[in-house]
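> Below are the sequence and a predicted model for it; my questions follow.
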Amino acid sequence: VGEVSIKENQMSKIYNFCAGPAVLPTEVMTEIQQDLPNWHGTGMSMMEMSHRGKEFSEIAANLETETRELLKVPKTHHILFMQGGATGQFSAVPMNLLRGKTQADYFNTGHWSQMTMKEATIYCQVNEVANATKEKPYCIPDEKTWKINPDSAYLHYTSNETIYGVQFNTTPNVSLPLVADMSSDIFSRPIDVEKHGLIYAAAQKNMGISGVTMVIVRDDLIHEPWEKTPTILRYDIFAEKASLYHTPCTFGFYVSYLMMKWMKNRGGLEAIQQVNERKAKLLYDVIDEDDFYQNFVFPEHRSLMNVVFLLPSEELTKRFLEEAKKIGLLNLEGYRTVGGIRASIYNAMPEEGVTRLAQFMRDFRRTSI
Ligand SMILES: *Cc1c(COP(=O)(O)O)cnc(C)c1O
């Protein structure tokens, strides 16, 4: 059944612009399908195997090796695979990294920043370093205006705001340990891991399926967790046990491993970044041609992953979504509090899909004004 549906998908050319869980590469889907009932001649599915067994241990080790290579993670940093999503990390970060301090600094750049700040207030005083969404166009404020508190345990930022379409285009330069939620732009471009104390990402946008959460953390930060931290959220324990403290999301590990191989085959993160820049430009160019489509983010901070825009009326938005769906462009509705359109164009979205959307946007505008 699966094989037929993938082929049908290709024939009718469905493009899925969902923000997450998001589209997976066809090549990865095909490999999963082939492996599913019988992993490499074992007669068992990957889903049925012990997480302590030889086959799965190899996958877990390979996943770590490939991740380290793709992201150029230095030896000073552990790579951990945990559960609980990015949301779990909203709690795990203060629990593990406060280390006796009572304050932490946070950039407020949109919805996800606000969610993580709210969770952190359970554990410490939260200082807002800067606010990117006070007025439109949304813009990450200039470094000179940042209110950094030297007594804070760390500084947190959300590298890409999945809902508002605001993205940091450089790594903030600060002396506090730098913590980043990279759930929606991890693996979309090379990153300077060394500048970070901790990076976390839920897998379901750019590196697999939901159920796996990646944490890259510098060794010196993990050894004084708050004594009431649940063991399942302790970085030191996950580092010691190579992420196998308990039964992990085994199938999710396997899918992420396939994603790493796929990204490597595409030429690594420099090559992937070039494609992502080309894809985003296709859409922002259409938006900037006139006032029909409105994007409300300062050009330098526009997201390469989530292109958000409004149409002149709700009626037109509704019609846009209906007509897009008819030609196979799916899941373009904006987040419920933002409205409008959101096109999520993660690594696995083919360039043809974005070209099709750009063409549709031009056609729709021409027939609507
Ligand atoms: C999707 C997303 C989250 C939430 O991830 P969960 O796995 O649902 O907890 C958090 N932060 C960002 C930036 C996201 O894109």
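That came through, no problem.

> Name the spans of this protein whose pLDDT lies under the cut-off.
1-12 (pLDDT under 70).

> what residues does it put near the ligand?
The chain has residues 20, 85-87, 112, 158, 162, 181, 183-184, 202, 205 near the ligand, with proximity defined as Cβ under 6 Å from any ligand atom. (C-beta placed from N, C-alpha, C; glycine too.)

> Just the buried residues out of the residues you listed, in ChimeraX syntax.
Applying 16 or more other Cβ atoms under 10 Å to these, the buried members can be selected in ChimeraX as follows:
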select :20,85,86,112,158,162,181,183,184,202,205
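
> quick check, nearest of the residues of the chain next to the ligand to N173?
T158 (17.0 Å; Cβ to Cβ).

> Tell me who's in contact with N62.
For N62, the contacting residues are 257, 260, by Cβ atoms under 8 Å, 6 or more residues apart in numbering.

> Could I get the buried residue list for the strand or helix carrying L269?
If you go by DSSP states H and E, L269 is part of helix 268-288. The neighbour-count check on helix 268-288 (16+ other Cβ under 10 Å) flags 268-269, 272-273, 275-276, 279-280, 282-284, 286-287 as buried.

> right, and the helix or strand after that helix?
strand 306-309.

> Direction included, what does that next one pair up with?
Taking DSSP bridges as the criterion, strand 306-309 forms sheet pairs with strand 341-344 (antiparallel).

> Which SSE is immediately downstream of the partner strand?
Next in sequence after strand 341-344, counting helices and strands by DSSP H and E, comes helix 351-368.

> what's in contact with that next one?
Identification of contacts with helix 351-368 by Cβ under 8 Å, 6+ apart yields 13, 15, 17, 275, 278-279, 282-283, 285-287, 290, 292-293, 316, 319-320, 323-324, 327-329, 332, 343, 345.

> repeat that with 7 Å
With contact meaning Cβ atoms under 7 Å, 6 or more residues apart in numbering, helix 351-368 is reached by 15, 275, 278-279, 282-283, 286, 292-293, 316, 320, 323-324, 327, 329, 343, 345.

> Stretch 267-277 now?
Residues from elsewhere that reach stretch 267-277 (Cβ under 7 Å, 6+ apart): 70, 187-190, 263, 266, 304, 347, 351.

> Any chance of a ChimeraX selection covering the buried ones in those?
Typed into ChimeraX, the line below selects the buried ones among the contacts of stretch 267-277, using 16+ other Cβ under 10 Å:
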select :70,187,188,189,263,304,347
